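Peer 1: would you be able to build a 3D model of this:
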Amino acid sequence: MKRITVTAENCAGCRQCEMVCSFQHTGKFSSSLARVTVHKDDRNGLDYPLMCRQCTDCPPLDSCPVQAISRNSDGAIWVDWQTCTGCGLCENVCKYDAVKLNESKAYICDLCGGDPHCVQRCPTEALQYIETPEFTETPETAFSRMKEEWCFNE
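Peer 2: Numbering: from 1, shown residues only. I've put the predicted structure just below:
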């Protein structure tokens with residue numbers, strides 16, 4: 001399956017991915033409306049965009065009490081906002097913290113129908129949309145790896 005992957009070393013923390021995501025989905029520029037969130041380690045100047053990993057075994061999909069979360073024909077996770085009650089269970093069980101609640105609805109990356117705008121607009125090519133097995137890196141593991149590789153002392 002095609003998934004969005006992150007090359008953390010390339011992320012400049014510009015948050016353009018958040019802005020283009022929110023505008024594409026809602027017509028507004030707002031990080032709170034984006035399906036991607038840039039995690040920051042300001043002390044060390046590290047940034048990491050985080051969105052749904054499109055896991056094969058997806059706890060949010062399996063836990064939704066009203067079946068508002070499903071997979072579309074391409075296999076991407078999708079939220080039916082008419083059905084979503086905003087209970088937050090999906091947010092609580094996502095092992096990558098990739099689900100956000102806003103306006104009492106779940107916000108989950110849907111890969112923009114197979115043409116992710118965040119990937120297109122990333123100026124540093126930190127994001128790629130490629131055929132890959134599951135992508136399991138977290139911001140914490142990426143930050144730890146980069147600190148070690150770059151000899152950051154804390």
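Peer 1: drop to CA atoms for contacts and neighbour counts, all remaining ones
Peer 2: Noted.
Peer 1: per-residue confidence for the most centrally placed residue in the chain?
Peer 2: Note on the chain: the residue nearest the mean C-alpha position is Met51, at 0.5 Å, using C-alpha atoms, centre = their mean. pLDDT, Met51: 96.
Peer 1: distance check, it against Glu148.
Peer 2: Using C-alpha to C-alpha, to the nearest Å, Met51 is found at 24 Å from Glu148.
Peer 1: likewise Val93?
Peer 2: 30 Å.
Peer 1: if you count what's nearby, which of those two comes out ahead?
Peer 2: Just comparing Val93 and Glu148: by other C-alpha atoms under 10 Å the higher neighbour count belongs to Val93, 18 against 11.
Peer 1: check the offset of the helix or strand bottoming out on mean pLDDT in the chain from the chain's centre.
Peer 2: The weakest-scoring helix or strand in the chain, judged by mean pLDDT, DSSP states H and E, is strand 100-102 (a mean of 93). Relative to the centre of its chain, strand 100-102 is centred 12 Å away, using C-alpha atoms, centre = their mean, to the nearest Å.
Peer 1: neighbouring strands of it in the sheet, and parallel or not?
Peer 2: Paired with strand 100-102 in the same sheet, following DSSP bridges, are strand 105-107 (antiparallel).
Peer 1: what does the partner strand contact?
Peer 2: 33-35, 79, 81, 84-86, 88, 90-91, 99-101 (C-alpha atoms under 8 Å, 6 or more residues apart in numbering).
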